[in-house]
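Enquirer: From the sequence below, what's the structure:
(2 chains)
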Amino acid sequence: MKADLRIPLAVAAALILAAVVAFGAPHVVGDYFVRILLLIALNSILVLSLSLSNGFTGVFSLGHVGFIGAGAYAAGILSLTVQQKKALLPHLPDLLNWFSLPFLPATLAAGLFAAILAVIVGYPLMRLSGYFVSVATMGFLIIVNVVLINASDFTRGARTFTGVPLATSLPWVLGWLAVTLLVLSRLVYSPFGRRMKAVRDDTIAASAVGISVLRARLVAFVIGAFFAGVGGSLYAHYLGSFSPNTFYFAMTMNLIAMLVLGGMGSLSGAIIGVICVSILSEVLRSVERGFTIGDITVPALFGASQIVLGFLFILIMIFRPKGIMGDRELTFGLSGRSANHNQKEGKDR
Amino acid sequence: MSQLEYIIQQIINAVSLGSLYALVAVGLSIVFGVLKLTNFAHGDVMMVGAFTTVLLIGIGMPFAPAMLCGILASAVAGFLIERIAYRPIRNAPDVTRLLTSLAVTYILENLGILLFTSSPRNFPLPDILNTSWQLSGGAITFTNINVLTVALTFVSLIGLGWFITRTTIGLGMRAAAEDMQAAQLVGLNVNKVIIIAFIVASAYAGLAGVLWAAQAGVVQPQMGFTPLLKAFVAAIIGGFGSISGALLGGYMLGALEIFIVAFMPDVVVPYRDAIVFALLIAFLLFRPGGLMQPNREIKL
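Expert: Sure thing, here's the model as predicted:
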């Protein structure tokens, strides 16, 4: 009983903190840091949505960025103004070209679109396991990329899709991050979440005790895709202009690195992974541009930061394959909902 | 141009493209067969071979020895990758190993960008390989590099066939692919077998990389990516881990792609890659063992 009171408390505290940061940060720190904070929050949404299938359910999807791209384009098409649609997408079907949605409905629609896509894709693919599901979802990502490049009536093809209003601000992103965290923590630490983890840890045993493997995987995949679509919309409204290759293998690799570094079975781990990789790449990027110490000039070494990240990634795989957090959660002592605690509590329900 | 000549031309194109896919897919399948590892870094090992060849030709070495050095460089790269990155995680779960190979890809590609920038460079193909053959009044055309590709594919694959059926280490590779633990129990030196498998597979990647770059006319750090993805499809269509399957899958994929481009309506042609990868997904779902291993079970 006590634990049930603590969760809303923890969430409320987190929300208040988020609100303070969201509205206070621009007054305290410069634009550069606000931008980094925003990107960290945005990437946290994306990595959290990825963690649901890849981390908690053991279906290692390489196609997640396909949902992010689908969401970004869907939201972009919906929120262009009518004049822009006439100018940029003259062949858009009549159904879509007479209206323009505000930010929030466009984002929700993008999430729903990605979720529906995930039902269609996931229903057959979630029957696969191991590297086969990885390769199959990678195939999905490539198909999405080919369609985005060729469906030029909707997407302007390989040309830059531009004109999306720059509506994504820090309060919006932190708000969506709070929603994502709330939904995912309710799901992952629920009886259904334990089913997901059972499917991950031993698929055969899970199906032997009557858990529907397909259903557990599909639910994780679809909810993950919903938040990927939402994140895609936020990304689209942050960048303003993007192209199909924005949502391809480079982004996939980046998100996976963040997830794996943080720990694949932990929500707070996902966010810690995002923070570590973001800060590290910012630092490495400034080193990469070249610098001068005294008389020694280090020339610009483009690509060096990725190489360092790649080596770091391999070292983690060898020495700490479960990432920084593993299966543990960071709770600040507020909720007391560690993984073990939660399991005991589950028996009472 | 008559219909027949058009078809013959397309068959030539299909065999040439299929040979390249088969070469890459065979390398992937060797590694997958022995280690059950989907080796994403294979494409970048191709890049290593192609770049070495281009650099050596650039300093005045003739094509043939430069190509041999390129293949050697790829083999060395494969050896180092196995030794440094893959050996420590050999018994880790599938996903860990897949991620490690992704990280190796990431490193090699960015190393290529760091050393050579990401803009493409010309592949200095000697004139003799660029000479084209015109049959039946120019209706059917192919160049010597197409001939060389097909010829080297055949020769190297016959060599591979001899190696894995007639030599002790080749038999060891097949035993390890069949059942690693049993092979270990009967006294097989697993480390040796795996390292040799990697070197052989990487040498194939080097050969494929040089030929691919020679046909494309350019080299660039990301060049291995597309052939790698296509080779995945080829290897899975044929039966992942089976060398004859990779060969069959490579030629079938080449034929399919050329068929789509040559005979399908213009609306469909840009969606070629989407069709190819939809086929990959269909195979994974309905015939996961590919054409050569119809009874393999991988579901759940």
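
Enquirer: pLDDT averaged over stretch B:143-150 - what is it?
Expert: Stretch B:143-150 carries an average pLDDT of 88.

Enquirer: hmm, who's touching that stretch?
Expert: By Cβ atoms under 8 Å, 6 or more residues apart in numbering or on different chains, the residues outside stretch B:143-150 that reach it are B:12, B:15-16, B:19-20, B:125, B:128-133, B:211, B:214-215. C-beta coordinates here come from the backbone N, C-alpha and C atoms, glycine included.

Enquirer: Recalculate using a threshold of 10 Å.
Expert: The set of residues external to stretch B:143-150 that reach it, using Cβ atoms under 10 Å, 6 or more residues apart in numbering or on different chains, is B:12-13, B:15-20, B:23, B:63, B:67, B:123, B:125-133, B:142, B:151, B:207-208, B:210-212, B:214-215, B:217.

Enquirer: So which of the residues you listed are in strands?
Expert: Counted as lying in strands by DSSP state E, out of the contacts of stretch B:143-150, are B:132, B:133, B:142.

Enquirer: Top of those residues by number of neighbours, please.
Expert: Sorting the ones in strands among the contacts of stretch B:143-150 by how many neighbours each has (other Cβ atoms under 10 Å in any protein chain shown) puts residue B:142 first, at 17 neighbours.

Enquirer: excluding its backbone neighbours, what's nearest residue A:62?
Expert: Ranked by Cβ to Cβ, 6 or more residues apart in numbering or on different chains and with sequence neighbours excluded, the top spatial neighbour of residue A:62 is residue A:138, at 4.1 Å.

Enquirer: which stretches of the stretch 51-200 of chain B form strands?
Expert: Taking DSSP state E, counting those that start in this stretch to define them, one finds strands in the stretch 51-200 of chain B at B:121-122, B:132-135, B:140-143.

Enquirer: got these as CSV, with distance to residue B:268 columns?
Expert: Conversion of the strands of the stretch 51-200 of chain B to CSV gives the following (distance: least, Cβ to Cβ, whole Å):
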stretch, distance to residue B:268
strand B:121-122, 33
strand B:132-135, 29
strand B:140-143, 25
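
Enquirer: Just name the most buried of these.
Expert: Highest mean neighbour count among the strands of the stretch 51-200 of chain B (mean count of other Cβ atoms under 10 Å in any protein chain shown): strand B:140-143, with a mean of 17.

Enquirer: my guess is residue A:308 meets residue A:314, correct?
Expert: No: taking contacts as Cβ atoms under 10 Å, residue A:308 lies outside contact range of residue A:314: 11.1 Å.

Enquirer: out of those two, which sits in the busier spot?
Expert: Taking neighbours as other Cβ under 10 Å, residue A:308 and residue A:314 compare with residue A:314 leading, 22 against 18.

Enquirer: so what's the more buried one up against?
Expert: With contact taken as Cβ under 10 Å, 6+ apart, residue A:314 is in contact with B:84-86, B:88-89, B:99-104, B:106-107.

Enquirer: Do the helix or strand where residue A:110 lies and chain B come into contact?
Expert: Element membership for residue A:110 (DSSP states H and E) is helix A:103-125. Yes: Helix A:103-125 lies within reach of chain B by Cβ under 10 Å from any Cβ of the partner chain, at A:121, A:124, A:125.
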